[in-house]
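K.L.:
Quick one: sequence and predicted model below, then my questions.
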Amino acid sequence: MISTRGRYAVRVMIDLAENENGRYIPLKDIAARQEISKKYLEIIVKDLVAGGLITGASGKGGGYRLSRKPEEYTVGEILELTEGRISSVACLSGEKNICPRKDKCRTLPMWTEYNNMVHDFFFGKKLSDLLQKHDN
């Protein structure tokens, strides 16, 4: 499951892309538009800056902006930066969770296929794809 941290990170990235004007965008403005606590966003943008997805500047005229063009980001990289590796089952979440039943597990191929579909979906979706308005 993708947590609020990952979902909010994607929303921050969309907000920065939609409001790009060559200047840094104050976090308070993003928080107000997205109706997310500024305090919680501070934690998320810290990760996004550390991961090189956005740049930040402090002081007057400070805030955040994208490091690249929206079409150069995938949703997958945003989610993996904030969530870690996205996996449906623990035995596929990384080296530390190697299952002793791996060689005889009849469900592992199914979970692997599912994880590949999820990975391909998120890494095939660009930030720019999310900028398109849609009707609900």
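P.N.:
Received it, and whenever you're ready, just let me know what you need. Residues are numbered from 1 along each chain as shown.

K.L.:
The helix or strand of the chain with the lowest mean pLDDT: which residues count as buried?
P.N.:
Lowest by mean pLDDT, DSSP states H and E among the helices and strands of the chain is helix 108-124, with a mean of 93. Using 16 or more other Cβ atoms under 10 Å as the test for burial, helix 108-124 gives 108, 111, 115, 118, 122. Quick note: C-beta positions are derived from backbone N, CA and C, even for glycine.

K.L.:
For the chain, just list every one of the helices.
P.N.:
Assignment of helices within the chain using DSSP state H yields the ranges 4-18, 27-34, 38-50, 75-83, 108-124.

K.L.:
Could I get the pLDDT score of the residue of the chain positioned farthest from its centre?
P.N.:
Taking Cα atoms, centre = their mean, the residue of the chain most remote from its mean C-alpha position is residue 104, at 34.3 Å. Here the pLDDT value assigned to residue 104 is 86.

K.L.:
if we can go back for a sec, looking at the buried residues of helix 108-124, spot the one nearest residue 71.
P.N.:
residue 122 (15.5 Å; Cβ to Cβ).

K.L.:
Now the closest one: closest residue in space, sequence neighbours ignored.
P.N.:
Distances taken as Cβ to Cβ, 6 or more residues apart in numbering place residue 76 nearest to residue 122, at 3.7 Å, with adjacent residues excluded.

K.L.:
count of residues packed around that neighbour?
P.N.:
Residues contacting residue 76 under the criterion other Cβ atoms under 10 Å number 18.

K.L.:
Do you know the pLDDT at residue 26?
P.N.:
Residue 26 is given a pLDDT of 96.

K.L.:
For the least confident helix or strand of the chain, name the packing helices and strands.
P.N.:
Using 3 or more Cβ pairs under 8 Å, 6 or more residues apart in numbering; DSSP states H and E as the contact definition, the elements that helix 108-124 packs against are helix 75-83.

K.L.:
Show me what the helix it packs on is in contact with.
P.N.:
Helix 75-83 is touched from outside by 2-3, 5-6, 9-10, 13, 44, 47-48, 51, 53, 86, 119, 122-127, 130, with contacts defined as Cβ atoms under 8 Å, 6 or more residues apart in numbering.

K.L.:
Noted, bye for now.
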